[in-house]
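1. dropping the sequence and predicted coords here.
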Amino acid sequence: YNPNYIVAMVVDAQGVVWAGTWGAGLSRFDGKTWAHYTMADGLPGNHVFMLHLDPTGQLWVGTNNGLAKLHDGKFELLTVQDGLFSNTVFSMATTRDGSLWVGTNGGGVAHYVDGRFTMYTRANGLAGNTVGALAQDQDGDIWVGTNDGLSRFDGARFTTYGEAEGLPPRPVRAMRVDRQ
């Protein structure tokens, strides 16, 4: 494996570049200096699959061993012990109400509200349990891209879309909502 392989990247409001790597943890570039964070610094895993900035500017890091929030220079961890169905976190989205949706590898999607996870899996109507993309549309519905198709959650139930509905063959790993 190549630990210099960048898997995820985000730029914060101060212009700091954050890069998640395949095996070498998290890197930060402020325009002059690089800093690196690994498990030795409190990161739950060195394989970083997802970086997400919420509307408050909080950095979330999805790894192979849990979800981390960087707060005051320290990582606060969320794992299966906190209610996730899988420690491997692939995707995340913040909804307009401020709640978080977390996509995992094999554990479905989690809705994180007030410090608690509600998990949704194939058993709840989700297209698949490996979630690589998340987005909220203008109506407030949550779109969930999985290895087995696309699902839309309207707050009560999932509707699944696949090849039969005209979607290209799976998986769905990225999406954006058109504002029109």
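-> Sure, I can see it.

2. now the helices for this structure?
-> Along the chain, no stretch is classed among the helices by DSSP state H.

3. can you pull out the low-pLDDT segments for the protein?
-> 1-3 (pLDDT under 70).

4. what residue of it is the furthest out?
-> Distance from the centre of the chain peaks at residue 32, with 28.2 Å (Cα atoms, centre = their mean).

5. name the nearest residue to the most centrally placed residue in the chain, sequence neighbours excluded.
-> The residue lying closest to the centre of the chain (Cα atoms, centre = their mean) is residue 91, at 2.1 Å. Of all residues not flanking residue 91 in the chain, residue 103 sits nearest, at 3.5 Å (Cβ to Cβ, 6 or more residues apart in numbering). Yep, even glycine has a C-beta here, placed from its N, CA and C like the rest.

6. check the offset of stretch 30-47 from the chain's centre.
-> Distance, stretch centre to chain centre, for stretch 30-47: 18 Å (Cα atoms, centre = their mean, to the nearest Å).

7. okay but residue 44 is in contact with residue 84, surely?
-> No - checked against Cβ atoms under 8 Å, the pair residue 44 and residue 84 is beyond contact range at 11.2 Å.

8. tell me what the residue lying closest to residue 61 once chain neighbours are set aside is bridged to.
-> Nearest non-adjacent residue to residue 61, counting by Cβ to Cβ, 6+ apart: residue 68, 4.4 Å away. Beta-bridge partners for residue 68, by DSSP bridges, are residue 61, residue 77.

9. would you mind measuring from residue 68 to residue 83?
-> 15 Å (Cβ to Cβ, to the nearest Å).

10. now swap in residue 180 and tell me
-> From residue 180 across to residue 83, the span is 36 Å (Cβ to Cβ).

11. more neighbours, these two?
-> Neighbour comparison, residue 180 and residue 83: the larger count goes to residue 83, with 14 against 4 (by other Cβ atoms under 10 Å).

12. who's in contact with the more buried one?
-> Residues in contact with residue 83, defined by Cβ atoms under 8 Å, 6 or more residues apart in numbering, are 110, 116, 117, 119.

13. residue 59 too?
-> When contacts are counted by Cβ under 8 Å, 6+ apart, residue 59 is found next to 10, 12, 18, 51, 52, 53, 69, 70.

14. can I get those in a markdown table with neighbour count and distance to residue 160?
-> Output for those, formatted as a markdown table (neighbours: other Cβ atoms under 10 Å; distance: Cβ to Cβ, whole Å):
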| residue | neighbour count | distance to residue 160 |
| --- | --- | --- |
| 10 | 16 | 29 |
| 12 | 15 | 35 |
| 18 | 20 | 33 |
| 51 | 21 | 28 |
| 52 | 21 | 24 |
| 53 | 16 | 29 |
| 69 | 16 | 31 |
| 70 | 19 | 34 |
